[in-house]
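**Q** Sequence below, structure please.
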Amino acid sequence: MTTNVSGDVKGENKGTLWIGILLIGLGIIGIALPNISTIVVESWIALLLTSAGVAKLFYAFQTRDRGGFIWKLLLSILYIATGVMLFVYPLTGVLTLTLLLASFLLTEGVFELILAFRLRGQQNWTWALGNSIITLVLGGIIWFEWPFNAPWLLGTLVGASVIVTGISRVMLSLNWRSNLPQSDSPASA
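**A** Numbering: from 1, shown residues only. A predicted model of the protein is given here:
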C-alpha cells in the first residue's frame, strides 16, 4: 500500500522557497542599514540573555530543594548581568559580539562544509558548498577587521551571510521541486 504525500512535499517545498526569499530580503535590509542592524543584533542578544536569566532565576527558586541552588542562582545572575551590561554599554557589547560572531561564523562555515560534502550526490549541492566557503570567508573578515570596523561590519556581514543562506535555501528548494516523481507533477494529474 502506498500513500501519496506529494502535497506534503510540495507544501514543504513552497515553505522552504519562501523562507529563502525572506532571508534574502532581510539580508538586503541588514546590508543597507549596517549601523542599525548592528545595534538591533546587539540589543536582541541582550534581551535574550536577560530573559533567559530571569527564567533561570525562577527555575532556581522553584527547584531550590533539589540541590545546586547556589549554582543555578549564580548562573541566572550571570545571564542577567551580561544582558544588562549589553544594554547599558552597547558599543562595548558590539565589540564583544563582533568577536563572538567571528567565532560563530567560522564554526558554522565548518559545519556547512561538512553538510555540503554530505549532500555531494545531490544536484545543486555546490550551493551549500558555496554557502560554507562564503561563511568561512565572512568569519575571517570579521576576525581580521576587529575592532576598527565593528560598528558597521557586524550588520553588513550578518546581512551578507543571511543573503547567501537565503540563496542556498532557494536553490535547494528548486532542486527538490525538480526531483519530484513525474506522476506527482501537475501535468500528469
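**Q** Can you pull up the most central residue in this protein?
**A** For the chain, the residue nearest the mean C-alpha position is residue 162 (7.6 Å; CA atoms, centre = their mean).
**Q** Quick one: residues contacting it.
**A** Shown in contact with residue 162 (CB atoms under 8 Å, 6 or more residues apart in numbering): 23, 24, 26, 27, 30. Glycine gets a C-beta too; all of them are placed from N, C-alpha and C.
**Q** go with 6 Å
**A** For residue 162, the contacting residues are 23, 26, 27, by CB atoms under 6 Å, 6 or more residues apart in numbering.
**Q** got the contact list for residue 166?
**A** Neighbouring residues of residue 166 by CB under 6 Å, 6+ apart: 20, 23, 24.
**Q** The last one contacts residue 161, correct?
**A** Think residue 24. No. Between residue 24 and residue 161 there is no contact under CB atoms under 6 Å: 11.7 Å.
**Q** which parts of the helix or strand hosting residue 55 are buried?
**A** Taking DSSP states H and E as the criterion, residue 55 maps to helix 34-62. In terms of neighbour count (16 or more other CB atoms under 10 Å), helix 34-62 has its buried residues at 34, 37-39, 41-42, 45-46, 49-50, 52-53, 56-57, 60.
**Q** more crowded one of residue 24 and residue 161?
**A** Neighbours per residue, other CB atoms under 10 Å: of residue 24 and residue 161, the larger number sits with residue 161, 24 against 17.
**Q** thinking the more buried one is in contact with residue 138, fair?
**A** Yes. Residue 161 lies in contact with residue 138 (CB under 6 Å); the separation is 5.5 Å.
**Q** joint contacts of the two?
**A** With CB under 6 Å, 6+ apart, residue 161 and residue 138 have no common neighbours.
**Q** contacting residues for residue 94?
**A** Applying CB under 6 Å, 6+ apart, one finds that residue 94 lies in contact with 38, 42, 150, 151.
**Q** Which helix or which strand is home to it?
**A** In the assignment (DSSP H and E), residue 94 maps to helix 90-118.
**Q** and the gap between residue 163 and residue 175?
**A** For residue 163, the distance to residue 175 (CB to CB, to the nearest Å) stands at 19 Å.
**Q** Settle it for me: which of the two has more neighbours?
**A** residue 163 (19 against 16).
**Q** Now do the contacts for that one.
**A** Each residue near residue 163 by CB under 6 Å, 6+ apart is listed here: 24, 27.
**Q** okay, it: pLDDT?
**A** For residue 163, the pLDDT comes out at 94.
**Q** Look up which helix or strand it falls in, please.
**A** Secondary structure from DSSP H and E places residue 163 in helix 150-178.
**Q** how big is the angle separating that helix from helix 90-118?
**A** Helix 150-178 runs at 30 degrees relative to helix 90-118, counting by axes from the mean of the first three to the mean of the last three CA atoms, to 10 degrees.
**Q** let's have the chain start at 10 instead
**A** Happy to do that; since the first residue is 10 now, the last one works out to helix 159-187.
**Q** helices or strands up against the lowest-mean-pLDDT helix or strand in the chain?
**A** Least confident helix or strand of the chain, by mean pLDDT, DSSP states H and E, is helix 15-41 with a mean of 79. Judged by 3 or more CB pairs under 6 Å, 6 or more residues apart in numbering; DSSP states H and E, helix 15-41 is in contact with helix 159-187.
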